[in-house]
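Participant: Fold the stuff below for me.
(one chain, ligands or ions: 2)
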Amino acid sequence: MRWFLPALALAVTFGSAHAQTAPAAPQSFEGNVANNRSETIGQITIRDGATALVMRLTIAPGGLPPGWHGMHFHAVGDCSDADKFERSKAHVNHDQSKHGLLNPDGPDEGDLPNVYANADGSVNAEVSSETPLTGEGGLKDGNGSALIIHANEDDHMSQPIGGAGARIACAVIK
Ligand SMILES: [Cu+2]
Ligand SMILES: [Zn+2]
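Facilitator: Ligands and ions are numbered 1, 2, ... in the order given. Presented below is the predicted three-dimensional model:
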């Protein structure tokens, strides 16, 4: 859960000149998604706001097997072992939470909704997460993070990854 500091709207009207404070522009990140042959199959675009980030995922036709796929933020921004993507390690999880958006002892900070690949293997999706992009506990920490897409759907409950199976796509977030 991300701390939320309520913005104090102080209407200071002393004198004539006072600058109105605009909300900070969201931090953003763009990266490529690679498959198990290190071929680029799509892109991610992340925008990080004050209390949540929004990630858009675009996969080109032919990119993924049709159907539902689990996806998560994994702890290390390394997609170099393309056949298995194990160098991305486990889910981002700084407080030993259980895996699963539907788990009463979860979710961990890497958990995300499933995405659906169309019959042609393409995906257009947008998901949100309370995990920040930058700062303490952020995806862009020292060793970065990775978005991993799995072969099967995530049941959002069972350990350690909701039965999502093999890692079939990866994007470095660094
Ligand atoms: Cu995963
Ligand atoms: Zn998880």
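Participant: What ranges in this structure fall below the confidence cut-off?
Facilitator: Within the chain, the ranges that satisfy pLDDT under 70 run 1-25.
Participant: Might you enumerate the residues of it proximal to ligand 2?
Facilitator: Applying C-beta under 5 Å from the ion, one finds that the chain approaches ligand 2 through His91, His99, Asp108, Gly110, Asp111. Yep, even glycine has a C-beta here, placed from its N, CA and C like the rest.
Participant: Now do the end-to-end distance for stretch 87-106.
Facilitator: 24 Å (C-alpha to C-alpha, to the nearest Å).
Participant: can you check stretch 65-76 too?
Facilitator: Span of stretch 65-76 from end to end, C-alpha to C-alpha: 25 Å.
Participant: What distance do you get for Ala171 to ligand 1?
Facilitator: Distance, Ala171 to ligand 1, by C-beta to the ion, to the nearest Å: 12 Å.
Participant: where do the strands sit along the chain?
Facilitator: 27-35, 40-48, 53-59, 67-69, 71-74, 115-117, 123-129, 145-150, 167-173 (DSSP state E).
Participant: Report the closest residue of the chain relative to ligand 1.
Facilitator: His72 (3.4 Å; C-beta to the ion).
Participant: near ligand 1, which residues of this structure show up?
Facilitator: Going by C-beta under 5 Å from the ion, the residues of the chain near ligand 1 are His72, Ile148.
Participant: so His94 makes contact with Gly137?
Facilitator: Yes: look at His94 against Gly137 with C-beta atoms under 8 Å: they come within range, at 5.4 Å.
Participant: shared neighbours of these two, which are they?
Facilitator: Glu109 (C-beta atoms under 8 Å, 6 or more residues apart in numbering).
Participant: So what pairs up with the spatially most central residue of the chain in the strands?
Facilitator: Central residue of the chain (C-alpha atoms, centre = their mean): Phe73, 4.9 Å from the mean position. Assessed by DSSP bridges, Phe73 has beta-bridge partners Leu147.
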